[in-house]
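Engineer: Here is a sequence together with a model predicted from it:
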Amino acid sequence: MSSVSVKQIKVEGLGGLSSRALIVSASVVLVLLVAAAFTLGRASAPAVAHTGLSLDHIEDLRPALAEQRARLEESRRQMAANQVAVARRLGRMQAEITRLNAAGRKLTEIAQLSSDEFNFDAEPALGGPADPGDEVIAPEHVALDDLDMQLELKERQLDILEHLLLVSQLHSQQYPSGWPVKRGFISSLFGTRTDPFTGRRTRHTGMDFAALSGTDILAVAGGVVSFSGQRSGYGRIVEINHGNGYVTRYAHNSRNLVRIGDRVVKGQAIALVGKSGRATGSHVHFEVLVDGRRIDPYQYISQK
């Protein structure tokens, strides 16, 4: 601490006190005042005394604080914009899920599948242990994740449904059903009958459909032509292999319209009605074979 010089003070009218005593008394008072002021200064600002901070330092920090405040405001604006974008995305995804649900319900009805097995309105079953260490996620992101998961589940359901529909359609195309002619009538059933040429009881291995000569003969299912030509007793005949052990035959044709190896679809014209071979009039002799055994076609034509 710098030394304090005390000037001598001359006081008049104080009898009995010497000038030296007055000087000493004044010096003591001055020392006490300086000590008190120093003590108060230390008590009021200890941090500044020890760290060396000054008003200049504080003023230097103010621009940085202003910059941080500006960044905070920009972050708030971006957050508000992001919330609007998230809300729009949520709306679009929810609309897409609604559309997928409607399409799924319609396809399920068309395919005649069980609604219990393909219920597009039911909430997906979820579960699993909670991890206490999981990070806390904002609600809007949780909603987006939930919708993403729902969309993925709907897409999987539609994939499975599409596969089942394709299998069902393929089965429908390959499974014999319906009549081999659009217009006509059944003139002879499968089983034992009186032979029209000999008059004796014989086994009839198919069904006869009487129709006008030249009428289209239609494939009752899709498949591959395994034979097209002449056979004894059948006359002109077309044979189609439908897979899964199913084969159909169309005989007594006036003309065959397909060749061996041709692929045909259900309802396609494969021949014209005639009376070739062993026949008394214009008709188509129709046979159904399962694993090489001729069976009664009635159960198939009844699904017309």
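Structural biologist: Done, it's in.
Engineer: Send over the biggest strand by length in the chain as PDB, restricted to the C-alpha atoms.
Structural biologist: Taking DSSP state E as the criterion, the chain has its longest strand at strand 246-256. These are the backbone C-alpha positions of strand 246-256, laid out as PDB (Å, rounded to 0.1, in the frame of the first residue of the first chain):
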ATOM      1  CA  TYR A 246     -56.200 -81.900 -64.900                       C
ATOM      2  CA  VAL A 247     -56.800 -82.700 -68.600                       C
ATOM      3  CA  THR A 248     -59.900 -81.900 -70.800                       C
ATOM      4  CA  ARG A 249     -60.900 -83.300 -74.200                       C
ATOM      5  CA  TYR A 250     -63.200 -81.800 -76.800                       C
ATOM      6  CA  ALA A 251     -64.200 -84.300 -79.600                       C
ATOM      7  CA  HIS A 252     -66.200 -84.700 -82.900                       C
ATOM      8  CA  ASN A 253     -65.000 -81.300 -84.000                       C
ATOM      9  CA  SER A 254     -65.500 -80.000 -87.600                       C
ATOM     10  CA  ARG A 255     -62.300 -78.100 -87.300                       C
ATOM     11  CA  ASN A 256     -59.500 -77.600 -84.700                       C
END
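Engineer: I'd like to know which elements it is packed against.
Structural biologist: With contacts taken as 3 or more CB pairs under 8 Å, 6 or more residues apart in numbering; DSSP states H and E, strand 246-256 sits against strand 223-231, strand 235-243, strand 269-273, strand 283-290. All C-beta atoms are positioned from the backbone trio N, CA, C, and that covers glycine.
Engineer: for it, what is the average pLDDT?
Structural biologist: For strand 246-256, mean pLDDT is 97.
Engineer: List the buried residues of it.
Structural biologist: Counting neighbours by 16 or more other CB atoms under 10 Å, one finds that the buried residues in strand 246-256 are 246, 247, 248, 249, 250, 251, 252, 253, 254, 256.
Engineer: looking at the sheet around the third one, what are its partners?
Structural biologist: Right, residue 248. For residue 248, the beta-bridge partners under DSSP bridges are residue 240, residue 288.
Engineer: so what's it up against?
Structural biologist: 176, 180, 219-221, 223, 239-240, 242, 286-289 (CB atoms under 8 Å, 6 or more residues apart in numbering).
Engineer: Kindly provide the distance from it to residue 265.
Structural biologist: 13 Å (CB to CB, to the nearest Å).
Engineer: Need the overlap of contacts for the two.
Structural biologist: Common contacts of residue 248 and residue 265 (CB under 8 Å, 6+ apart): residue 219.
Engineer: Which elements pack onto the very next helix or strand once past the longest strand of the chain?
Structural biologist: Sequence order places strand 263-264 as the next helix or strand after strand 246-256, per DSSP states H and E. The elements that strand 263-264 packs onto, with contact taken as 3+ CB pairs under 8 Å, 6+ apart, are strand 223-231.
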